[in-house]
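Novice: model the structure of this input:
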Amino acid sequence: MGSVQTGTLTENVTIRPIAGPDELTLFNSLPYLLNDELADDLATGRRRPAWMWVATRGARLVARIAWWGRESEPVPTLLDVFDLDGAEPDRREVGERLVATAMAAVVPAGAEPPEYLCFVPPDWHDDPAAVEERMAIIAGAGARPLVERLRFEWRPGTPLPEPRGRLAFRPVRDADEMLAMMTEVLEGTLDGHSLRDLREMSPEESARRHFDGELAHYRSPREWWLVGMLPGGEPVGFVCPARNDYGPIIGYIAVRPAHRGNGYVDDLVGEATRFLAARDVPRIRAGTDVGNVPMARAFERAGYASIEGVVTMVW
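Specialist: Numbers count the residues shown, from 1 in each chain. Reported below is the predicted structural model:
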């Protein structure tokens, strides 16, 4: 695939995909929270040179964009890298041209572009200009904001939450039980992605979409997924300690509608954290929407620190 020369306002700028892993140093010459993951992503096929584009002025990187996908799939599922050199006076036009050129090459004709994830520091609202500039360019390509999420991390050495003794735990029996619970807890959900799904499909379809799109790809056994039960055996909720492509996570957690408001989310978070910590993990990550304050506070009570945010835009 050849390079593209831009117009007169972006003099001497070339837009092209990277040639291969040897150009990763060039690609990473703009800072971003995901830079440390890109080499392994390329090696495993989660990134491909054809999905990683640069805008250069001579030998200098002035903007970049990249998509992520599963190694077994032919097209990417996320756009999660888009950066501009803040010192370039024409960075807005360069960014717009980079987005248009790369998207035309990467996204199949007629397909909905993958959602855009912008990973940001927790305090990005204190100085939002750079993030808002990138979001404005993506919006100009037809996207709209969906939700902002918070990402949390628990580290070894942090005190583990003590068992509260209110719930007993057992593994989820099978995929059917998991799908039934995932469907039920969509009632009253605060999750932005689920709310969008429910405007377009049934709860059963939304649960299946989440299961197939995320849970089915975890690297850990499904026997790790846990149901929390009252002494009489009635399930009050579930939690999915797991490993994804990048390490240990709390992948999904929810309380059944009839049992909300009783603090059971703390029992679920605590059990999942103890479960993973017992496996000598280097860290545990979790996330929730900014609007889901009860979930965020539960992570904080369990010793998780806020490490970054994620702004999501969709087409």
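
Novice: domains for this protein, by residue range?
Specialist: Here the domain parsing of the chain from automatic domain parsing is 4-142, 168-309.

Novice: quick one, helices of the chain?
Specialist: 24-27, 38-44, 91-106, 129-140, 175-184, 192-198, 203-213, 264-277, 293-301 (DSSP state H).

Novice: figure out which of the ones you listed is closest to residue 65.
Specialist: Nearest to residue 65 among these is helix 91-106 (5.1 Å), distances taken as C-beta to C-beta. Where you see a C-beta, it was placed from the backbone N, CA and C, and this is true even at glycine.

Novice: from the chain's centroid, how far away is the closest one?
Specialist: Computed by C-alpha atoms, centre = their mean, to the nearest Å, the separation of helix 91-106 from the middle of its chain amounts to 22 Å.

Novice: same question for that helix, mean pLDDT?
Specialist: Summarised as a single mean, pLDDT over helix 91-106 is 98.

Novice: so which bits of it are buried?
Specialist: Within helix 91-106, the residues that count as buried by 16 or more other C-beta atoms under 10 Å are 91-99, 101-103, 106.

Novice: same check, this time on stretch 256-275
Specialist: Buried residues in stretch 256-275, counted by 16+ other C-beta under 10 Å: 256, 259-260, 264-273, 275.

Novice: which two among those residues are spaced furthest apart?
Specialist: Pairwise over these, using C-beta to C-beta, the maximum falls at 260 and 275, 22.4 Å.

Novice: wait, residue 268 touches residue 237, no?
Specialist: Yes. In this structure, residue 268 is within contact of residue 237 by C-beta atoms under 8 Å, at 5.5 Å.

Novice: which neighbours do these two share?
Specialist: 228, 253, 255 (C-beta atoms under 8 Å, 6 or more residues apart in numbering).

Novice: for these, give me TSV that also has pLDDT.
Specialist: TSV is the format used below for the shared contacts of residue 268 and residue 237 (pLDDT from 0 to 100):
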residue	pLDDT
228	98
253	98
255	98
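
Novice: sorry, back to before: go through the helices of the chain and name the closest to residue 75.
Specialist: helix 91-106 (8.0 Å).

Novice: alpha carbons of that closest one, in PDB - could you do that?
Specialist: The C-alpha trace of helix 91-106 is given here as PDB (Å, rounded to 0.1, in the frame of the first residue of the first chain):
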ATOM      1  CA  ARG A  91      -2.300  19.300  13.300                       C
ATOM      2  CA  ARG A  92      -6.100  19.600  13.000                       C
ATOM      3  CA  GLU A  93      -6.000  19.300   9.200                       C
ATOM      4  CA  VAL A  94      -3.300  16.600   9.400                       C
ATOM      5  CA  GLY A  95      -5.400  14.600  11.800                       C
ATOM      6  CA  GLU A  96      -8.500  14.900   9.700                       C
ATOM      7  CA  ARG A  97      -6.700  13.700   6.600                       C
ATOM      8  CA  LEU A  98      -5.100  10.900   8.500                       C
ATOM      9  CA  VAL A  99      -8.400   9.700   9.800                       C
ATOM     10  CA  ALA A 100     -10.100   9.900   6.400                       C
ATOM     11  CA  THR A 101      -7.300   8.200   4.500                       C
ATOM     12  CA  ALA A 102      -6.600   5.400   7.000                       C
ATOM     13  CA  MET A 103     -10.300   4.600   7.700                       C
ATOM     14  CA  ALA A 104     -10.900   4.300   3.900                       C
ATOM     15  CA  ALA A 105      -8.200   1.700   3.800                       C
ATOM     16  CA  VAL A 106      -8.800  -0.200   7.000                       C
END
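
Novice: just the closest of the shared contacts of residue 268 and residue 237 to residue 79, please.
Specialist: Nearest member of these to residue 79, counting by C-beta to C-beta, is residue 253, at 26.6 Å.

Novice: run through the residues that contact that closest one.
Specialist: If you count contacts by C-beta under 8 Å, 6+ apart, residue 253 has them with 237, 238, 239, 240, 265, 268, 269, 272, 286, 295.

Novice: likewise for residue 130?
Specialist: Contacts for residue 130 (C-beta under 8 Å, 6+ apart) come out as 84, 86.

Novice: quick one: pLDDT of it?
Specialist: For residue 130, the model assigns a pLDDT of 94.

Novice: how far away is the closest residue to residue 260 other than its chain neighbours from residue 286?
Specialist: Closest residue in space to residue 260, ignoring its immediate chain neighbours: residue 188 at 7.4 Å, by C-beta to C-beta, 6 or more residues apart in numbering. Distance, residue 188 to residue 286, using C-beta to C-beta, to the nearest Å: 21 Å.
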